[in-house]
Every structure is written in C-alpha cells, then in structure tokens.
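Student: sharing a model that was predicted from the sequence below.
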Amino acid sequence: MSKITPCLWFDGEAEEAATFYVSLLPDSRIERIQKNLVDGPAGKAGTVLVVQFTLAGQDYMALNGGTRFEYTHAISFKIDCADQAEVDRLWDALSSNGGQVERCGWLKDRYGVSWQIVPSVLPELLGGPDRKGAERAMQAMMQMIKLDIAALKQAYDGRSAA
C-alpha cells in the first residue's frame, strides 16, 4: 500500500466510477468496498461509502461524500500510452457517456475528473535535441484535441501531413 493515496470525491457514484476506471488499465482492481454503517450525510446505512481500488498499480480511494464538488484542472491524471491504439482506446472510453474533450490531449470524464491521455513519445518530441523540431511538435500539439502520434512525429521531422 502506498503512503499517499489520491481520494476522489463522488456523490453516490464511487463504486460505479472505480469499476469503470479499473476496467480500462492492466494491474487494476477493486480492493475493498466499505459501506455506511448508519444513515448520515454520505448516504443511508448499507450504501457504499468508500471504494479502495488500484489503478495501474497505484492505490486510489473513491468516497461518496454526500455533496457534489466539481473537479478542476488543478488536479488531473496523466496516462502514458505506448501507441496510438492505446491513446484512441482510452480517449474513447474516458470521453464517452457525457465526457468532455479538450485541447492538447486533455478531457474530463463523465464524472468530471480531468485526464491527460499522452503518448509516451511526447516528451522525446517536445524535449528532443532538434529545438526547431520540438517547436513544430509543440505547435502541432496545441492545435490537436486528441493527440495524434504520427502527426506529432511529422511535425517534429518537418514533414507535411499527408
């Protein structure tokens, strides 16, 4: 168990959200579900209070706090993606059913949680030895919604998109 565990606040959706998140990435699972013992601000006795789960090897907690709070971009979860297929799969899943897509690989899922869906190659392109190429890749990324690895590489290399 990690010493620090991010806690996500929900209004009755903690188990649903945790189940959704663990379905997306390997090394993910629900660890424990704690129910309310008595009626209170967080729900009636017997309803879910806390869900402890592991997402890609990282411990998380989902809490049904009883009041909805909006998430901001001040906290987001970045997922490193090995290839375009992984970018596409996670982008589609997390933006579905009411999610909102944003620029530069950012989105908010149906619960309002902010995610960055980022190809693992991006730091190499933006921090590579070719400073002009890095600038072109940055400019290309700033125009994208979902990140496109081939287009980012083409920009870095100074090639036009086909």
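Tutor: In hand now; what should we look at?
Student: please make it C-alpha for all contacts and neighbour counts, starting now.
Tutor: Fine.
Student: on the three-state scheme, the residue nearest the centre of the chain is what?
Tutor: The centroid of the chain falls nearest to W115 when counting by C-alpha atoms, centre = their mean (3.1 Å). Secondary structure assignment for W115 (DSSP: H, G, I helix; E, B strand; the rest coil): strand.
Student: what's near enough to touch it?
Tutor: By C-alpha atoms under 8 Å, 6 or more residues apart in numbering, the contact set of W115 is S76, F77, K78, I79, W106, L107, K108, D109.
Student: can you do 6 Å?
Tutor: The contact partners of W115, taken as C-alpha atoms under 6 Å, 6 or more residues apart in numbering, are S76, F77, K78, W106, L107.
Student: ok, those residues vs W9, which is closest?
Tutor: Using C-alpha to C-alpha, S76 comes nearest to W9 of the contacts of W115, at 13.5 Å.
Student: now do the same contact list for that closest one.
Tutor: S76 neighbours (C-alpha under 6 Å, 6+ apart): S114, W115.
Student: what separation do you get for it and Y111?
Tutor: 13 Å (C-alpha to C-alpha, to the nearest Å).
Student: repeat for L63
Tutor: Distance of L63 to Y111, given as C-alpha to C-alpha: 13 Å.
Student: tell me the bridge partners for the residue nearest to the centre of the chain.
Tutor: Counting by DSSP bridges, W115 forms beta bridges with F77, L107.
Student: mind pulling up the phi and psi values for D59?
Tutor: Main-chain torsions, D59, degrees, to the nearest 10: phi -80, psi 140.
Student: burial count for it?
Tutor: When neighbours are counted by other C-alpha atoms under 10 Å, D59 registers 20.
Student: again, but for G127
Tutor: The local packing of G127 (other C-alpha under 10 Å) involves 14 other residues.
Student: and the residue of the chain most remote from its centre, what does it touch?
Tutor: When distances are taken from the C-alpha mean of the chain, V38 lies farthest, 32.9 Å away, according to C-alpha atoms, centre = their mean. When contacts are counted by C-alpha under 6 Å, 6+ apart, V38 touches A45.
Student: and the closest residue to N36 other than its chain neighbours, how far from S120?
Tutor: In space, and not counting its chain neighbours, N36 is closest to A45: 4.8 Å by C-alpha to C-alpha, 6 or more residues apart in numbering. Between A45 and S120 the computed distance is 44 Å (C-alpha to C-alpha).
Student: tell me which of the two has more neighbours.
Tutor: S120 (16 against 13).
Student: show me what contacts that one?
Tutor: Taking C-alpha under 6 Å, 6+ apart, one finds D80, C81, A82 in contact with S120.
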